[in-house]
Every structure is written in C-alpha cells, then in structure tokens.
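*Asks:* here is my input, please return the structure:
(3 chains)
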Amino acid sequence: MNLLGRRLPAAALVLLAGGLVGAVLAPPDRFQGDYQRLMYVHVPTAWVAYLCFGLTGVASALWLWRRTGRFDRLAAASAELGVLFTGLTIVLGSWWGKPVWGVWWTWDPRLVTTALMFFVYLGYLALRRATLDPLARARRSAVLGVVAVVQVPVVHMSVVWWRALHQPPTVLKPGDPTIDHRMLAVLLLNVVAFTVFALMLLRARLRLTVLEDELATARAAEDTEVAGGVVTAPQLEGRMRDV
Amino acid sequence: MTVLSPAPLRQARAIAGTELRIEARAGEALWIITPFGAVALLLTPMAVGADRPLLSQLGTGMYWVVVLLFGVLVALRQTATDSPGHLAVLRMTGMPAAARLGGRAAATTVVLLAFETLLLPVMIALYQPDLAGWPWLAAALPLTAAGLAALGTLAGALVHGMAGRGTLGPLLVCPLALPLLLGATELVKEGGYGQVPWLWLLLLVTVTGIGWLALLLGANALEESS
Amino acid sequence: MSEWAWVTIGFVITFGALAGYTLRLRLRAEAIRRERVRR
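*Replies:* Numbering: from 1, shown residues only, chains lettered A, B, ... in the order given. From the prediction side, this is the model:
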C-alpha cells in the first residue's frame, strides 16, 4: 500500500506551488508591506487546524454511536494533524505579529483560544498514548473528543467577552477586513492548497495506523502459543516420535 | 419475586455521603491540598515582590488561579471507592455509572467549596485586595466548585487506572475549565461596579451545566470493563 | 532583517514543518514494512 498515493500528492504539490507563486506575486499591503504575505500561510494553517479538530469531534461522536474502529482511527489521525497545524499557526502568528505589532504575543481571543486548543488536543494525544487497551483508548478519547469540541467554542466566547471588557474596540487583526480581491484570491488558493495537502497527510496517517495495527497484531500472534503445543508425543528411550 | 432497584438519585446520594464521610474521617485530600494551595499563594509575593499595591491588584486573580489549579487536584483525588474491589461491588449492584460518578462529583463539589472557603481568608490576609463585589462570591464559589467538580470527575474517569493519572488529569481539565476562571474573576469584579453581572453568571451556569451533562452522559459511555 | 527575508523564513518554517511531518510518516511506514518482512 502506497502511503502517500499518487494523484493526491501531485495535486497538493501543484496547488501549493501555485499558492506560493501567488503569495510572491500578490500586491503588498498598504500598512504592513510585504510582512502581510505571511497571512497566506498563517490563515490556511489556522483553517486546517480548526477543520481537523472539528473532524475529530465528529469522528468521536460517530464512534460513540457506531463503535467502528475506522472512526476511532480517523479521530486520532485528525487530532494529530490538528496539533501539528495548530502549533504551526501559533508559531507563524507570532512570527507575523512581531514585525507588525511589535510583540510576539497579544491577548487577542483568537490567539488565546488557539493556544488553549493546542493544549486540549495535546492532552487528547497524551490520553491516547497512555491508554494501552485499544477499546478503552477508543472509548476514552471519543468522550474527550466530543467534550472538547463542545467546550472549545464556549471557551472562545468567554475569552471574547473577557477581552471586550479589557481592550478598546480597535483590536489588532491580521489583515484588513475589506481585503483587496487579488489578495483574497491568493488567500483562497492557499486555503484550498493547504486543505488538499492536509487531506493527503490525513490519508497517509490513516494508512500508517492500519500498518501499525497489523504489526501489533502480528506481534501479538507471535507471542501466543499454539493451542495444544504443550502436549508432546510419549517418548521412548529418550527419542521424540512426534516430529 | 420482583426486586425494586433504588432510584439512581438515591444511589448517587448514597455514594456522595460515603465519599464525604471518608473525606471527613481521613480527610487527606482536603488537608493536604489546601495547605499546598496556601503555599502557592505565599510563593507569589516572594517572586514578584511584596509591593502592597501590586499584590492587592493580583490577589483575587491569584486566588482563582490557585482554586483552578489545585482544585483540580482535589477533584482528581483518589478515594477508597476507586479500588477495583469496591468498583466491582458497585457494578454488581447494577448501579448506573452516571449515578456513581454523579454522586462522586456532588461530594467533590462540597469538598471544593470547603477548599475555596478555607483559602479565601488566606488570600485576603496575604494580598489585601479590594473586596468590592464580595457578595457575588456567594454565586461564584458554588458555581466554580460545581463546574470544577464535574470536569474533574469526568477527567478522573478518563484517566482511571492509568499510571500517569496525576499529571494527565490536570492537563485535560485546566484548558477546558478556563471559562470558570474568567467567569469567577469577572463576576465579582463587575459586581463590585454595582451592576448585575448577567453575562458572567450565564457563562458560569452554562459551563457548569455542560460539565455536568458531559459527566452524566459520558459516564455510561465510559462504563465497561476498564 | 529585510521584510522579504522575514517572510521567507516564515515560509521556510511552514513548508519545512509540513515536509518534516510527511517525511516522518514515510520513515515510520518504511520501518514497519521492514519489520513485517523480517517476520
């Protein structure tokens, strides 16, 4: 089984290349200059991160409903990708924020929620790693997956309300809301490109999980003894007759 | 012969009563974790400097941070009802998991309320904060206790039987319990300005409600031979 | 540092992380396949 496949990686790479070209050719921002181009990678990674966690929530709920292993594998793979993209989002956000805002971090609700999401799903992965029994692992992470996807929006709202009290309405935003339509086109292209790439990674991660499960089964089968193997034929004068 | 099974609510009350009696008798969790929280409150002024105005600004915030971080430990405490033998007996009685965990969370709510109440004068003495809005603590304390108890009990069920349960449990609870922290601090602060802090009350009630719902619904999903 | 240099580093971080993760998946798959062949 080919881990990455053929057509999906090709499509993803073509789209990413197109997105990169677009990011280079797009006009610079009036206020942020060329720094604004970091939006073309930061926003797509954020979008993919949220998509992945939503998928984990849905897959967890489906597992609780149907109890099929496929949903558990999907939830886990999606969570792992989500953590990757969330971490990347935070790093890129910081990298973009420093030259533009002058600080590595602000208490903007989106940043806080993203950071908290990162830790929630890090905890999800830690829970999976620590649970050895596959069924218990599926059960526990499914419950956590559903609870998390319900609670994260509540957490976000609470932080939005909190910041509304403590900061004037001119909240620093990564990009003018009335965005130039060329920039918007490049942004959308990159969003699509990153999504397709993430799909490729998701499929690859799922295939890897299947391989890992097969290996674990093979290992377990090796360790167990063949039934009846303890019984040997009676020996006559020290010579075995059962071979 | 028909056997009448007691209502789940009665069972939950029985579990809660047992847990509270154990806590009152041995009381390790409360009497170890509360002093630990007090030590944490003591450490901060040493780290940031015992500057009176600064500390009085920090006080209420530090209080709720300590309540969150150490309250999680209270909620995750291991009790005698966690032993495999005891659990097996409870399961054989046919008690639904929601009743067992619900009773546990109810007991934890009471213990957390005691924990919060004991730490409050400690914080007030050390930080001497502005106590405007303190009547609203009557809402903030029980709501946070109930919310933290539910989330903590749920997390305890998720990490049950694991080696790293003491560290993984808090990691699972704390990010999701953030609204409790925000709600409590803002509730008292806004109450101090003379308005009724409806939004924060709503937030605390919602988060606590979701926590309890998740606990009771998730209890049966988690119940099996784990 | 010039604006373009800063932006370039950002892009390198992005694609480097994604390429690194992809590579990690492939290496793990290879290791598993080798292990399976061995058995």
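*Asks:* what are the phi and psi values at the residue nearest the centre of chain C?
*Replies:* Nearest to the geometric centre of chain C sits C:Gly20, at 1.1 Å (Cα atoms, centre = their mean). For C:Gly20, the backbone dihedrals (degrees, to the nearest 10) come out as phi -60, psi -40.
*Asks:* check A:Gly33 too.
*Replies:* Residue torsions, per degrees, to the nearest 10, at A:Gly33 are phi 70, psi -140.
*Asks:* in terms of contact, does it touch C:Trp6 like I think?
*Replies:* No - checked against Cβ atoms under 8 Å, the pair A:Gly33 and C:Trp6 is beyond contact range at 10.2 Å. Where C-beta positions appear, they are placed from N, C-alpha and C, glycine not excepted.
*Asks:* please work out which residues outside stretch B:156-174 touch it.
*Replies:* If you take Cβ atoms under 8 Å, 6 or more residues apart in numbering or on different chains as the criterion, stretch B:156-174 is touched by A:119-120, A:122-123, A:126-127, A:130-131, A:140, A:143-144, B:68-69, B:72-73, B:75-76, B:82, B:101, B:104, B:148, B:151-152, B:155, B:215, B:218-219, B:222, B:226.
*Asks:* how about the lowest-mean-pLDDT helix or strand in chain B: buried residues?
*Replies:* Lowest on mean pLDDT, DSSP states H and E among the helices and strands of chain B sits helix B:84-92, with a mean of 82. Burial within helix B:84-92, assessed by neighbour count using 16 or more other Cβ atoms under 10 Å in any protein chain shown, is assigned to B:Leu90.
*Asks:* where does pLDDT dip in chain B?
*Replies:* Counting by pLDDT under 70, chain B has low-confidence residues at B:1-6, B:79-81, B:224-226.
*Asks:* before we move on, what about chain C?
*Replies:* Judged by pLDDT under 70, no stretch of chain C qualifies at all.
*Asks:* how about a cut-off of 90?
*Replies:* C:1-3, C:35-39 (pLDDT under 90).
*Asks:* that older thread, distance of the residue nearest to the centre of chain C from chain B?
*Replies:* Separation of C:Gly20 from chain B (Cβ to the nearest Cβ, to the nearest Å): 25 Å.
*Asks:* just the ones of the contacts of stretch B:156-174 in helices?
*Replies:* A:119-120, A:122-123, A:126-127, A:130, A:140, A:143-144, B:68-69, B:72-73, B:75, B:101, B:104, B:148, B:151-152, B:155, B:215, B:218-219, B:222 (DSSP state H).
*Asks:* A:Gly33 and C:Trp6: which is more packed in?
*Replies:* C:Trp6 (17 against 14; other Cβ atoms under 10 Å in any protein chain shown).
*Asks:* ok, the more buried one - contacts?
*Replies:* A:Tyr35, A:Trp95, A:Pro99.
*Asks:* go with 10 Å
*Replies:* C:Trp6 makes contacts with A:Asp34, A:Tyr35, A:Arg37, A:Leu38, A:Trp95, A:Trp96, A:Lys98, A:Pro99, as judged by Cβ atoms under 10 Å, 6 or more residues apart in numbering or on different chains.
*Asks:* quick one: the helix or strand hosting A:Ala77 near chain B?
*Replies:* Following DSSP states H and E, one finds A:Ala77 within helix A:69-101. No - Helix A:69-101 is not in contact with chain B by Cβ under 10 Å from any Cβ of the partner chain; minimum separation 12.2 Å.
*Asks:* what about the helices in chain C?
*Replies:* C:3-38.
*Asks:* close to chain A: what parts of it are there?
*Replies:* So chain C meets chain A at C:1-11, C:13-18, C:20-22, C:24-26, C:28-33, C:35-36, C:39 (Cβ under 10 Å from any Cβ).
*Asks:* rerun that using 6 Å as the cut-off
*Replies:* C:3-4, C:6-7, C:10, C:14, C:17, C:21, C:25-26, C:28-29, C:32, C:39 (Cβ under 6 Å from any Cβ of the partner chain).
*Asks:* from the residues you listed, which would you call buried?
*Replies:* Listed as buried from the residues of chain C next to chain A are C:Trp6, C:Val7, C:Gly10, C:Thr14, C:Ala17, C:Tyr21, C:Leu25, C:Ala29, C:Ile32; burial here means 16+ other Cβ under 10 Å.
*Asks:* out of these, name the two that are farthest from one another.
*Replies:* C:Trp6 and C:Ile32 (39.8 Å; Cβ to Cβ).
*Asks:* show me what contacts B:Thr60?
*Replies:* B:Pro129 (Cβ atoms under 6 Å, 6 or more residues apart in numbering or on different chains).
*Asks:* in chain B, what residue is nearest chain A?
*Replies:* B:Pro179 (3.9 Å; Cβ to the nearest Cβ).
*Asks:* any idea which element that residue lies in?
*Replies:* helix B:178-192.
*Asks:* packing partners for that helix?
*Replies:* helix A:134-166, helix B:52-75, helix B:137-158, helix B:198-222 (3 or more Cβ pairs under 6 Å, 6 or more residues apart in numbering or on different chains; DSSP states H and E).
*Asks:* chain center to the first one: distance?
*Replies:* Same thing as helix A:134-166. Taking Cα atoms, centre = their mean, to the nearest Å, one finds the center of helix A:134-166 at 15 Å from the center of the full chain.
*Asks:* contact partners for the residue in chain A positioned nearest to chain B?
*Replies:* Ranked by Cβ to the nearest Cβ, the top residue of chain A for proximity to chain B is A:Ser158, at 3.9 Å. Contacts for A:Ser158 (Cβ under 6 Å, 6+ apart) come out as B:Pro179, B:Leu182, B:Leu203.
*Asks:* of the residues you listed - the most surrounded one?
*Replies:* Using other Cβ under 10 Å as the neighbour test, the contacts of A:Ser158 are led by B:Pro179, with 26 neighbours.
*Asks:* how much space separates the nearest residue to B:Pro142 once chain neighbours are set aside from chain C?
*Replies:* Distances taken as Cβ to Cβ, 6 or more residues apart in numbering or on different chains put B:Leu113 closest to B:Pro142, at 6.1 Å, once the chain neighbours are dropped. Distance from B:Leu113 to chain C, counting by Cβ to the nearest Cβ: 46 Å.
*Asks:* next: A:Leu122.
*Replies:* 16 Å.
*Asks:* swap in B:Val65?
*Replies:* 32 Å.
*Asks:* without its sequence neighbours, what residue ends up closest to that residue?
*Replies:* Among residues not flanking B:Val65 along the chain, B:Leu181 sits closest, at 6.9 Å (Cβ to Cβ, 6+ apart).
*Asks:* surely that neighbour touches B:Met62?
*Replies:* No - using Cβ atoms under 6 Å, B:Leu181 and B:Met62 do not qualify as a contacting pair, with a distance of 11.3 Å.
*Asks:* show me what counts as buried in stretch B:71-79.
*Replies:* B:Gly71, B:Val72, B:Leu73, B:Val74, B:Ala75, B:Leu76, B:Arg77, B:Thr79.
*Asks:* any chance of these in CSV, plus distance to chain A?
*Replies:* Formatted as CSV, the buried residues of stretch B:71-79 follow (distance: Cβ to the nearest Cβ, whole Å):
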residue, distance to chain A
B:Gly71, 17
B:Val72, 12
B:Leu73, 16
B:Val74, 19
B:Ala75, 15
B:Leu76, 13
B:Arg77, 19
B:Thr79, 20
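*Asks:* what is the mean pLDDT for the helix or strand containing A:Ala216?
*Replies:* With secondary structure defined by DSSP H and E, A:Ala216 is part of helix A:181-223. For helix A:181-223, mean pLDDT is 91.
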